[in-house]
Every structure is written in C-alpha cells, then in structure tokens.
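1. I would like to see how this sequence folds:
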Amino acid sequence: MTKIDEQFMRDVLNIVDIIPFGRVATYGQIAKLIGLPRNARLVGKALGKSGGYGKHPCHRVVTATGRLVPGWFDQRPMLLAENVPFKDDNHVAIKKCQWQGI
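-> Just a heads-up that it's a prediction; the model follows:
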C-alpha cells in the first residue's frame, strides 16, 4: 500500500480514538491493529494529513522509541496533561505508558 485512501484513514483514526487517556500507541502498533503490519510510516503520513488534531487524540501516537512528532510543539504539553511519563524532553517512557491495544 502506497497511497492513503479514505478507508485506511478511517481505520487509523478509529484506532487512535480508542487509545486511552494517559497512554500512547506507536505508529507500528496502529498499523498492526488495522491489519497492515510494516506500514508504520504510512500511518504517520496519514495522521499528518488527517487534519484531525483536536478531533482525535493524535497526540497519543509516538514512534516505537517513544519519540514525539518533530515540530509539533503542543504534543508534549498535551501528554503531560494526561500524566504520561517522559524519559527526556522528546521521548515518552514508552515501557511505562504504552497501550496494549485491543
């Protein structure tokens, strides 16, 4: 899959919508949950184009290492407001806060 279609976008956002308060999920985890493992980058691309920040808790999605989205300055404060633990300024403590999924 190389192109983001409407169904893919809906599938991604449906998973993002159920990430619990105070937890994070990874791009790869979301890709796996929608049945498209190995498409983590496409999930990231979809979220970047979704225009859904605010409507969907996209701030709860990070890389496999817990890295935040570069240049999205509101993500860290939003996660801190949910008491998500951080290991440094740019990384959540992924082992402590990763959602285990459905």
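
2. Surely residue 8 is in a helix?
-> Yes. Under DSSP: H, G, I helix; E, B strand; the rest coil, residue 8 sits within a helix.

3. Grab the most central residue of this structure for me.
-> The centroid of the chain falls nearest to residue 61 when counting by CA atoms, centre = their mean (1.6 Å).

4. can you give me the strands for the chain?
-> With strands called from DSSP state E, the chain shows them at 25-26, 61-62, 86-88, 91-92.

5. now residue 39, nearest residue through space, not along the chain?
-> In space, residue 39 comes closest to residue 31 once its chain neighbours are excluded; the distance is 4.3 Å by CB to CB, 6 or more residues apart in numbering. All C-beta spots, glycine's among them, are computed from the backbone N, C-alpha and C.

6. ok, the one you found - how many residues close by?
-> By other CB atoms under 10 Å, 23 other residues sit near residue 31.

7. wait, isn't it in contact with residue 46?
-> No. Counting by CB atoms under 8 Å, residue 31 sits too far from residue 46 to count as a contact (9.8 Å).

8. show me the contacts for the residue nearest to residue 39.
-> Taking CB atoms under 8 Å, 6 or more residues apart in numbering as the criterion, residue 31 is in contact with 37, 38, 39, 40, 42, 43.

9. what's the distance between the residue lying closest to residue 59 once chain neighbours are set aside and residue 68?
-> Distances taken as CB to CB, 6+ apart place residue 78 nearest to residue 59, at 4.2 Å, with adjacent residues excluded. According to CB to CB, to the nearest Å, residue 78 stands 10 Å off from residue 68.

10. ok, these two, which is more surrounded?
-> residue 68 (20 against 15).

11. That concludes my questions; thank you for your assistance.
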